[in-house]
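[1] One predicted model, sequence on top.
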Amino acid sequence: MKLTNPNDVPVYTISGASTARPLPDWLARKRKRSLKNDPEYANRVELLQDFEFEEASSCIRVSEDGEWVMSTGTYKPQIHTHYLPHLSLSFARHTTTLNHSFVLLSSDYSKSLHLQTDRRLEFHTPGGCHYQTRLPRYGRDLQYDRHSAEALIPAVGVNTDGSGEVYRLNLEIGRYMKPYQVDVGGDDLATAGGGALQGGINTGSVNVAAIAEDSHSLLAFGTSIGTVEFWDPRAKARVGILGAQEGEITALDFDRSGLSLVTGSSEGLVQIFDLRRPVPILRKDQGYGYPIKTLMHMTTSSQEKKILSADKRIIKLWDEVDGKAWISVEPAVDINSVAWCKQSGMILTANEGKQQHAFFIPQLGPAPKWCSFLDNMVEEMAEEAPTETYDNYKFLTLPELKALNLSHLVGTTNLLRPYMHGYFVASRLYEEARLIANPYIWDDERTKRVKEKVEKERASRIRGSKKVKVNQNLVDKMLKRQERRQTVDEDMGVLGDSRFGKLFEDEEFAVDERSREFQALNPSTKVGENAENSRAGAASDSSESDGEDDEDEIVAQSKVKAKPEMRISSSSYKKSGHQRQDKPLGSRTQAGGRVNKTRGDVVGERQVTFAPSTGRKERDKIEPARKGRRDEGRRSASGNVFRRL
């Protein structure tokens, strides 16, 4: 899938050759092994099986039920019919002559009428060609009037009265009716063969026909002299005529309301007429000067009215009200016919290339039911960042070059590649020149990056936690829970409900975190830590009003922390006798074990001590207990009592 117009209305080329001259089959087969590394070949999407012809395609139509696509092409002359729900070719049928145009008579493919280039009309059914009939002159267009069951064929040349003719083949009766006689300016008498059956080279002709089926059923015929005649099929008479325009009329289309008519000329001009006014209300130029081949009224998914106009080079969609260009599609090959899958964004073309094109415009409408997977593919492609055409180059205008002191390189070296109103400069040269012009740019960039990082970290925090009189810990817990969900709202849930207002204002509703019920419901909550945090939060609030002294005191209190004590509280450890710790000889305590009143604290026969008698002051002193298992379990040389003997 190739994306065009990435910055405007995106258009995806689903199928079709990207070059005007594709590789021949024998060369493509030879290079098939090397195509495995081609990203375009690897990412291709085969929308419809065999959606192509050997040389070119001439006409394409979509059935009313939206399940069939019929197209004609060459060479050899043939008809292809695709069944869209299966995305496959249903059948291919060869004909004796080239096809000029055709219409589908039924809601599916089963009945079709084909106008051939040898003045034949062929009726085709699923079994093949059902019937053939011959026309007096060459036909230029083919339309089917459903109300009267007549096939209308505008023809080239004039009759004996000098008027052009539109042949009427009544399919109910099975014979030709009296043709409509349209003024085409007469025959070219200056050309040899003028006045003959087929007319001269510059003879007049009726080029195109249009029917307002959904409204008043008027018939419109465009002529070679630039006029449009309106006929009433019920009265079989002319009811109006639109004045001559520039060039021949080559395309016509009625709006669904029947009041608007779009005309296309051989000079590439498109005009919109209101049937109540003889002057065009809007005029558009296709831009290339080629005859308009297809005109179509379209409605987008947002109910905006658009006009599709196509010549052999480009397809344009523009607004019906103000004529503002909306989108354009320009394939690599010439266009012969355009078909639109109604109520969708899919456009199919018949063209001079081997492959037929399919374009998908998401803003025109969703993908059809038979290829609904395109919507997901388009969403995935839209998420991917579009790659730049020139990654290693920077586009600069002349004022920007002067600001970087690079203007002296214009026209003297190949470091600057001119393009439109500026120049392409290598990215490395641009960075060096920018650094020389502004030496502090790296510091500014670093400051900018640091600021962005700080702002990003601040965005993830809770901005200004909510302060309440009662149950501050409960509020902080709720806000932290919201922070984990990345949505912090101080007025969400209980915090913003007025029915629970007293929970955070009245002290009678305070939660006692030291109660047995609270500890049973919240076994992992540390009451002391929460109380300490709440006191610190209250102190931080009061510090704003009391002064700096209170703030220093709170900071000092927060820094004081009790040292952890390493203890073993196992009962088996106590029973094993390891609870006593080895101490210096003079500082051993005289305790432990059972105490007998008769024997005192004697262990064995007699209690013996080596502690010397000291003064009364030293005896009254109480040696501070040493904390820490590491110091108590070692003998200290400096504290050995034998040194003091």
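    Great, that's in hand.

[2] what's near enough to touch R140?
    Shown in contact with R140 (Cβ atoms under 8 Å, 6 or more residues apart in numbering): 154-156, 205-208. From N, CA and C alone the C-beta is placed, and that goes for glycine too.

[3] Export these as CSV, with columns for pLDDT, neighbour count and distance to Q78.
    Formatted as CSV, the contacts of R140 follow (pLDDT from 0 to 100; neighbours: other Cβ atoms under 10 Å; distance: Cβ to Cβ, whole Å):
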residue, pLDDT, neighbour count, distance to Q78
P154, 95, 26, 25
A155, 93, 25, 25
V156, 92, 19, 26
S205, 91, 25, 28
V206, 93, 32, 29
N207, 93, 23, 26
V208, 95, 25, 25
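
[4] isn't Q49 right up against S90?
    No - judged on Cβ atoms under 8 Å, Q49 makes no contact with S90 at a distance of 9.9 Å.

[5] The two: which is more packed in?
    Taking neighbours as other Cβ atoms under 10 Å, Q49 and S90 compare with S90 leading, 16 against 13.

[6] Could you list the low-confidence segments of the stretch 251-400 of the chain?
    383-391 (pLDDT under 70).

[7] Need the per-residue pLDDT for P624.
    On pLDDT, P624 comes in at 54.

[8] okay, and the common contacts of Q49 and S90?
    Joint contacts of Q49 and S90 (Cβ under 8 Å, 6+ apart) are H82.

[9] picking up where we left off before, which of the contacts of R140 fall in strands?
    Judged by DSSP state E, the contacts of R140 include 154-156, 206-208 as members of strands.

[10] Now tabulate the residues you listed in CSV and tack on distance to C59.
    Shown next, in CSV, are the ones in strands among the contacts of R140 (distance: Cβ to Cβ, whole Å):
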residue, distance to C59
P154, 16
A155, 18
V156, 18
V206, 19
N207, 16
V208, 14
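
[11] can you pull out the helices in the protein?
    For the chain, the helices defined by DSSP state H occupy 25-30, 39-42, 373-383, 398-403, 427-437, 441-460, 472-484, 516-521, 527-546, 548-559, 571-575, 616-620, 629-632.

[12] roughly how far apart are M381 and V11?
    Separation of M381 from V11 (Cβ to Cβ, to the nearest Å): 12 Å.

[13] for V475, same thing?
    54 Å.

[14] quick one, which of these two is more surrounded?
    Between V475 and V11, counted using other Cβ under 10 Å, the more crowded position is V11 (24 against 19).

[15] That one reaches L3, doesn't it?
    Yes - assessed by Cβ under 8 Å, V11 is found in contact with L3 at 7.4 Å.

[16] shared neighbours of M381 and V11, anything?
    Common contact partners of M381 and V11 (Cβ under 8 Å, 6+ apart): L3.

[17] sorry, back to before: nearest to P362 among the ones in strands among the contacts of R140?
    Of all the ones in strands among the contacts of R140, P362 sits closest to V208, with 31.7 Å by Cβ to Cβ.

[18] Would you enumerate the residues in contact with that closest one?
    Shown in contact with V208 (Cβ under 8 Å, 6+ apart): 140-141, 154, 221-222, 249-252.

[19] For K453, the count of nearby residues, please.
    Neighbourhood size, K453 [other Cβ under 10 Å]: 10.

[20] still on that earlier bit, a markdown table for the contacts of R140, including distance to R61?
    Shown next, in a markdown table, are those (distance: Cβ to Cβ, whole Å):
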| residue | distance to R61 |
| --- | --- |
| P154 | 18 |
| A155 | 21 |
| V156 | 23 |
| S205 | 23 |
| V206 | 21 |
| N207 | 19 |
| V208 | 16 |
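
[21] Can you name the residues that contact L121?
    Neighbouring residues of L121 by Cβ under 8 Å, 6+ apart: 113-115, 132-135, 151, 153, 169.

[22] Who wins on neighbours among the residues you listed?
    Busiest of the contacts of L121 [other Cβ under 10 Å] is I153, holding 28 neighbours.

[23] Tell me how far that residue lies from E505.
    For I153, the distance to E505 (Cβ to Cβ) stands at 90 Å.

[24] Also I225?
    91 Å.

[25] Comparing these two, which shows the higher neighbour count?
    More crowded of I225 and E505, by other Cβ under 10 Å: I225, with 17 against 12.

[26] which non-adjacent residue is nearest the more buried one?
    Nearest residue to I225, sequence neighbours excluded (Cβ to Cβ, 6 or more residues apart in numbering): G185, at 4.4 Å.

[27] Give me the pLDDT for that neighbour.
    We have a pLDDT of 81 for G185.

[28] Equivalent analysis for the one 3 residues further on, please.
    Listed pLDDT for D188 reads 56.

[29] sorry, back to before: how about the contacts of L121 in JSON lines, adding pLDDT?
    As requested, the contacts of L121 are exported to JSON lines (pLDDT from 0 to 100):
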{"residue": "L113", "pLDDT": "96"}
{"residue": "H114", "pLDDT": "96"}
{"residue": "L115", "pLDDT": "96"}
{"residue": "Q132", "pLDDT": "94"}
{"residue": "T133", "pLDDT": "94"}
{"residue": "R134", "pLDDT": "93"}
{"residue": "L135", "pLDDT": "93"}
{"residue": "A151", "pLDDT": "95"}
{"residue": "I153", "pLDDT": "95"}
{"residue": "L169", "pLDDT": "95"}
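
[30] ok, the residues you listed vs S163, which is closest?
    The shortest approach to S163 among the contacts of L121 belongs to I153, at 15.4 Å (Cβ to Cβ).

[31] which residues of the protein score low on pLDDT?
    6-7, 18-45, 187-201, 383-391, 458-465, 486-488, 527-645.

[32] contacting residues for the residue positioned nearest the centre of it?
    Per Cα atoms, centre = their mean, the C-alpha nearest to the average position across the chain is that of A382, at 3.3 Å. The contact partners of A382, by Cβ under 8 Å, 6+ apart, come to P10.

[33] What separation do you get for it and M1?
    Distance of A382 to M1, computed by Cβ to Cβ: 12 Å.

[34] leaving aside the residues next to it on the chain, what's closest to R168?
    Spatial nearest neighbour of R168, excluding adjacent residues (Cβ to Cβ, 6+ apart): M177 at 4.2 Å.

[35] burial of that neighbour, as a residue count?
    Look at M177: counted by other Cβ under 10 Å, it has 13 neighbours.

[36] so who does it touch?
    Neighbouring residues of M177 by Cβ under 8 Å, 6+ apart: 150, 168-170.

[37] Check S88 too.
    By Cβ under 8 Å, 6+ apart, S88 lies in contact with 48-50, 82.
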